[in-house]
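Colleague: Need coordinates for the following:
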Amino acid sequence: MPEAPEILISYSKVDNDGENSGGGWVDNFKNFLEALLAQMLKTSPSIGLINEDSDHASETYEGSTVLIALLSESFLNKEQLMAGLSNFAKLKSSKDELSINGNPTLYQVLLNPVEVSHLPSLVSELISYNFFEINPKTGIVEPYERFFGSKAGKKFWMKLVDMSYDLSRVLISTNPRYSVHENIRKEDEVIYLAETGIDLVQHRDTIRRELIRYGFTVLPDRRLPKSKDLLQRTIKSDIEKSNLSIHLVGEDYGKVSDGMDISVVELQNKISTEYSLSEDSKNKPHGFRRLIWIAPKLTNMTERQKIFIESLRSDTENLESAEIMQTSIHDLRTVLRNQLIYKKQASMTSQINHEDDTSGSSKVYIIVDRRDLEDSKPLAELLRKKGIEVLYTDYNKDLLELRNDHQYNLTKCDGSIIYFGRANEEWMKTKIQDILKSPGFGRNKPMRAKAIILEEGKKLSEESLKRSDSLVLNKKGSSIDEEFLKPFLERLEH
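Modeller: Got it, this is the predicted structure:
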């Protein structure tokens, strides 16, 4: 008996018809997948094809590691194919191999929208790879039928690369003959990448792809269930395993599951907010952070989505446990790359760009607007004379470097002073908010002292005073002496 292929692709014959001179859609899918896997693994895995004319007894699947089911209406209507799908799922489930080291062994590829409730229960919860998209404006299904020279062709390849990386991971886990690709590394952080509305599916796929290539485990790693109780438990369980949750919010409010009064998009944000405020999240070795990204151009929203987005912006409890951004998707991806890599390299960065943390001296971060740098110099000089290391913002760097340095300083300082001169109160509120969010940036101990220096004529609202929980020092004239700073220094020393 010939050796079973490592990967089996199950399909309906009608789906292999096509206009491509190089063969049908399924033939091309197999050939392209084979080429990508060979490039990633340094050698080609064996891939076989089975359709409704093949034998679908359990023995057919016995020696294969992975099954890829190309799902379509035609596939669902073929009893032989559905029986084979069920047999593979039962076989792997009996060996506890439906997932190996967190990597699935059964993959659903949707060639067009199908009703997954018809699938066996062991299969219906698995994540699917949609080789089509639904136009968010017209609702028209646009399948990825062409492989080259079109927008759909580019998306076909992006999706196939996603699948190839996922398949590489499971093959590496089960067969020592494969080399580990340099971008496929042991996971060192778990990230919850929340499901999105239909308008942001492509952006979410891109971010997921990049996170996996950086070596992160990305959850959810299977289709979210439909039932209310199971849906809530699954989201909660995945978020509790994570160190970071990322939420992308656009124009589409998202799907509302049966028995729910809010969408899955809003539910994920609600559960991650609740978890971020819990003692369990605060006691995690690496903490729990949240990042909410809101699309910059929002022109076609329902009233419900407008209310949801406004609640994200205005709910101060949410904002204290999260970072919220409204910028381009390109900037978000750049921020994620910088922030995640920056965190991994924090100790190296500290040695290169900052004085040695073992010096024993206290560190005070002076938070100051660019226009007030000159006026804040006497403050920095006084602190240095007291043997205190001063952390500053270097405004000669670009915006992303400024942001990274700002977060780094907030995690490393023993005390902070906001110098409030020419900036407006919105700037002040942002800086107060950043201090409150510093545990989310990686800070693992409370600041010993916090102060706000108000230049003559400057005032703070009652709300800002209450939220800041800081000493307020009113500066008169241009001088800053030790007596003026004494209350802050006393707190810093204890």
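Colleague: Which is the succeeding secondary structure element to the helix or strand bottoming out on mean pLDDT in the chain?
Modeller: The weakest-scoring helix or strand in the chain, judged by mean pLDDT, DSSP states H and E, is helix 346-353 (a mean of 39). Once helix 346-353 ends, the next helix or strand along the chain (criterion: DSSP states H and E) is strand 363-368.
Colleague: And that next one, what's buried?
Modeller: 363-368 (16 or more other CB atoms under 10 Å). All C-beta spots, glycine's among them, are computed from the backbone N, C-alpha and C.
Colleague: Turn those into a markdown table, columns for distance to Leu230.
Modeller: A markdown table is the format used below for the buried residues of strand 363-368 (distance: CB to CB, whole Å):
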| residue | distance to Leu230 |
| --- | --- |
| Lys363 | 48 |
| Val364 | 50 |
| Tyr365 | 46 |
| Ile366 | 51 |
| Ile367 | 46 |
| Val368 | 51 |
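Colleague: Same list (those residues) but as JSON lines, adding distance to Lys297 and pLDDT.
Modeller: What follows is the buried residues of strand 363-368, written out as JSON lines (distance: CB to CB, whole Å; pLDDT from 0 to 100):
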{"residue": "Lys363", "distance to Lys297": "41", "pLDDT": "92"}
{"residue": "Val364", "distance to Lys297": "40", "pLDDT": "93"}
{"residue": "Tyr365", "distance to Lys297": "35", "pLDDT": "95"}
{"residue": "Ile366", "distance to Lys297": "36", "pLDDT": "94"}
{"residue": "Ile367", "distance to Lys297": "31", "pLDDT": "94"}
{"residue": "Val368", "distance to Lys297": "33", "pLDDT": "93"}
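Colleague: Looking at those, which is nearest Pro487?
Modeller: Val364 (13.8 Å; CB to CB).
Colleague: Now the element after the lengthiest helix in the chain, going C-ward?
Modeller: Secondary structure of the chain per DSSP state H: the longest helix is helix 151-174. Using DSSP H and E, the helix or strand that follows helix 151-174 in sequence is strand 190-193.
Colleague: and the very next helix or strand once past that next one, which residues are buried?
Modeller: The first helix or strand that comes after strand 190-193 along the chain, using DSSP H and E, is helix 201-213. Across helix 201-213, burial judged by 16+ other CB under 10 Å covers 201, 203-205, 207-213.
Colleague: and which of the buried residues of strand 363-368 is nearest to Ile292?
Modeller: Ile367 (22.8 Å).
Colleague: which residue sits closest to that closest one in space, ignoring its chain neighbours?
Modeller: The shortest distance from Ile367 to any non-neighbouring residue, by CB to CB, 6 or more residues apart in numbering, is to Ile418 (4.7 Å).
Colleague: Would you mark the buried spots in the helix or strand hosting that neighbour?
Modeller: Counting by DSSP H and E, the element that carries Ile418 is strand 415-420. The neighbour-count check on strand 415-420 (16+ other CB under 10 Å) flags 415-420 as buried.
Colleague: Now do stretch 159-166: distance to the chain's middle.
Modeller: 18 Å (CA atoms, centre = their mean, to the nearest Å).
Colleague: again, but for stretch 375-384
Modeller: The answer for stretch 375-384 is 40 Å, by CA atoms, centre = their mean.
Colleague: Give me the contacts around it.
Modeller: Stretch 375-384 has contacts (CB atoms under 8 Å, 6 or more residues apart in numbering) with 364, 366, 368, 390, 392, 417, 419, 421, 453, 455, 478-482, 485.
Colleague: what's the residue nearest to Ile367 in contact with, if anything?
Modeller: With CB under 8 Å, 6+ apart, Ile418 has these contacts: 367-368, 428, 431-432, 435, 451-453, 468, 470.
Colleague: which ones among these are found in helices?
Modeller: Counting by DSSP H, the part of the contacts of Ile418 found in helices is 428, 431-432, 435, 468.
Colleague: my guess is Val109 meets Leu70, correct?
Modeller: Yes: the pair Val109 / Leu70 is scored as a contact, 4.9 Å apart, by CB atoms under 8 Å.
Colleague: For those two, indicate the residue with more neighbours.
Modeller: Between Val109 and Leu70, counting by other CB atoms under 10 Å, Leu70 is the more crowded of the two (26 against 22).
Colleague: hang on, the earlier thing: can you lay out the buried residues of helix 201-213 as CSV showing pLDDT?
Modeller: As requested, the buried residues of helix 201-213 are exported to CSV (pLDDT from 0 to 100):
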residue, pLDDT
Val201, 87
His203, 88
Arg204, 89
Asp205, 84
Ile207, 88
Arg208, 86
Arg209, 77
Glu210, 78
Leu211, 83
Ile212, 78
Arg213, 70
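Colleague: Pick out whichever of those residues sits closest to Lys445.
Modeller: Closest to Lys445, out of all of the buried residues of helix 201-213 and judged by CB to CB, is Leu211, at 28.6 Å.
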